[in-house]
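Could you work out the structure for the sequence below:
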Amino acid sequence: MLTQNTTQGPALKGPPGGRWLQLVIGIVCMAMVANLQYGWTLFVGPIDATHHWGRAAIQVAFTIFVLTETWLVPVEGWFVDRFGPRIVVVVGGVLVGIAWMLNSIADSLTLLYIAAAIGGIGAAKPAETVLLYDDNGAHPGLTAAEFIAQTGSRLELVTPERTLAPDVGGTSFPAYFRAFSDHGVQVTINLRLESVRRDGNRLVGTTDDKKRDLPGNLIPATLWNSAVVEQTSVLETVKGRERSFTVAQKGVEKVKLPVGSVSARHFVFSGDFSREAWYDESGVLVASQMEAKDGSIIRQELLRMP
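Coordinates of the predicted model:
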């Protein structure tokens, strides 16, 4: 997750060969993986014509590839956090190369399935924790964030804008926000990120003129993520500060909403972060309220059930 630091350290060296060589290598690697996934259908017919295994049996190899590519992401993310991304990427490239060679000589379904499993392990995305910086404010950033979150990665979305994706519009952004809430995406606004470097299993970011070092697992102070009731601090996204608090559970209450009455657990946050929140049995935030500076009560209620 994001820690912020304005201390000027040594200049970071670029990749060997420069950015263009890195781009070319990336394209070659993606082409190798793409033939195992997006181009697979082109090979099914010729394989069946040569070996007569049947299309259904051959397509099992593709299923194995997709399963190992996607379901092992948390495991590979653990390896990334423990050993760093470099070794994971190198091993992944070697495994994809082995899969290519095995596919070229496969003379049985068993060998074809083994090659698919090895290729899937090598092609999986090493992304346990992801930082996404969006200074565009339109659909591309939110679409990328939604895709990353759905892979199971722990994601923080950072933007220099005062609001998230101002160019998306009020009709479209609720769908993105619901996806972010479902997957626990941390959103940090009003923060311009200048550079990022890895420090162990954390990211140190150079921002504007403010220095902050925050825990990587802070939940934004939006209350949409029900896990906030199990925390002792949250991230105030407007100023990028950590706010400490205590939580008291007041029991289950009947809450009257525009959609009718629902049973919800009542929580009271006190300390640097003062709020009241009500969550239904599935963890959906149905109501919240806070006291304004003039003593009035600001209350938010769910207009329709998800």
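
For residue 247, grab the count of nearby residues.
Residue crowding around residue 247 was assessed by other C-beta atoms under 10 Å; the count is 17. C-beta: built from backbone N, CA, C; applies to glycine.

what sits against residue 230?
residue 247 (C-beta atoms under 8 Å, 6 or more residues apart in numbering).

cool, residue 158 as well?
So residue 158 contacts 2, 131, 132, 133, 134, 188, 189, 191, 193, 205 (C-beta under 8 Å, 6+ apart).

Which pLDDT value belongs to it?
Reported pLDDT at residue 158 in the predicted model: 83.

what does residue 188 give?
pLDDT recorded at residue 188 is 80.

Run the chain-centre distance for the longest strand along the chain.
Longest strand in the chain, counting residues (DSSP state E): strand 241-257. How far strand 241-257 lies from its chain's middle: 26 Å, per C-alpha atoms, centre = their mean, to the nearest Å.

Run through who's touching that strand.
Contacts to strand 241-257, defined as C-beta under 8 Å, 6+ apart, come from residues 212, 214-215, 218, 221, 229-236, 261-274, 278, 286-287, 301-303.

between the contacts of residue 158, which has the most around it?
Among the contacts of residue 158, residue 188 has the most neighbours (other C-beta under 10 Å), with 27 neighbours.

sorry, back to before: could I get the contacts of residue 158 as TSV with distance to residue 249?
TSV is the format used below for the contacts of residue 158 (distance: C-beta to C-beta, whole Å):
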residue	distance to residue 249
2	30
131	33
132	34
133	37
134	36
188	28
189	30
191	33
193	37
205	35
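
Give me the angle between the following helix or strand past the longest strand of the chain and strand 241-257.
Beyond strand 241-257 on the C-terminal side, the first helix or strand identified by DSSP states H and E is strand 260-271. Interaxial angle, strand 260-271 versus strand 241-257 (axes from the mean of the first three to the mean of the last three C-alpha atoms, to 10 degrees): 160 degrees.

and the helix or strand just after strand 260-271, average pLDDT?
Using DSSP H and E, the next helix or strand after strand 260-271 towards the C-terminus is strand 275-279. Strand 275-279 shows a mean pLDDT of 92.

residue boundaries of the helices in the stretch 101-250 of the chain?
Counting by DSSP state H, counting those that start in this stretch, the stretch 101-250 of the chain has helices at residues 109-123, 139-150, 173-182.

so of those, which one's packed in deepest?
helix 109-123 (a mean of 21; mean count of other C-beta atoms under 10 Å).

Where does pLDDT dip in the stretch 1-150 of the chain?
The stretch 1-150 of the chain contains residues with pLDDT under 70 at 1-17, 77, 80-81, 84-85, 124-128, 137.

circling back to that earlier point, tell me which residues of the longest strand of the chain are tucked away?
Buried residues in strand 241-257, counted by 16 or more other C-beta atoms under 10 Å: 242, 243, 245, 247, 255, 257.

Return it as CSV; C-alpha atoms alone will do.
Taking Å, rounded to 0.1, in the frame of the first residue of the first chain, the C-alpha atoms of strand 241-257 are listed here in CSV:
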residue,chain,number,x,y,z
ARG,A,241,-3.9,11.3,7.5
GLU,A,242,-4.3,8.4,9.9
ARG,A,243,-7.3,8.8,12.3
SER,A,244,-7.4,6.7,15.5
PHE,A,245,-10.6,5.7,17.2
THR,A,246,-12.4,3.1,19.4
VAL,A,247,-15.5,1.2,18.3
ALA,A,248,-18.5,0.4,20.5
GLN,A,249,-21.2,-2.0,19.3
LYS,A,250,-24.7,-1.0,20.4
GLY,A,251,-26.4,-4.1,19.3
VAL,A,252,-29.0,-4.9,16.6
GLU,A,253,-31.6,-2.2,15.9
LYS,A,254,-34.5,-1.7,13.5
VAL,A,255,-33.5,1.1,11.1
LYS,A,256,-36.2,2.9,9.1
LEU,A,257,-35.0,3.5,5.6
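
quick one: strands adjacent to it?
strand 233-236 (antiparallel), strand 260-271 (antiparallel) (DSSP bridges).

Rebuild these as TSV, extending it with distance to residue 53.
As requested, the strands paired with strand 241-257 are exported to TSV (distance: least, C-beta to C-beta, whole Å):
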stretch	distance to residue 53
strand 233-236	54
strand 260-271	55
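
just those strands: most buried one?
Note that of those, strand 233-236 is the most buried (mean count of other C-beta under 10 Å), with a mean of 21.

Can I get that one in CSV, CA atoms only?
Provided in CSV are the C-alpha atoms of strand 233-236 (Å, rounded to 0.1, in the frame of the first residue of the first chain):
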residue,chain,number,x,y,z
SER,A,233,-7.6,3.6,12.8
VAL,A,234,-8.6,4.7,9.3
LEU,A,235,-7.2,6.7,6.4
GLU,A,236,-8.7,10.2,6.0
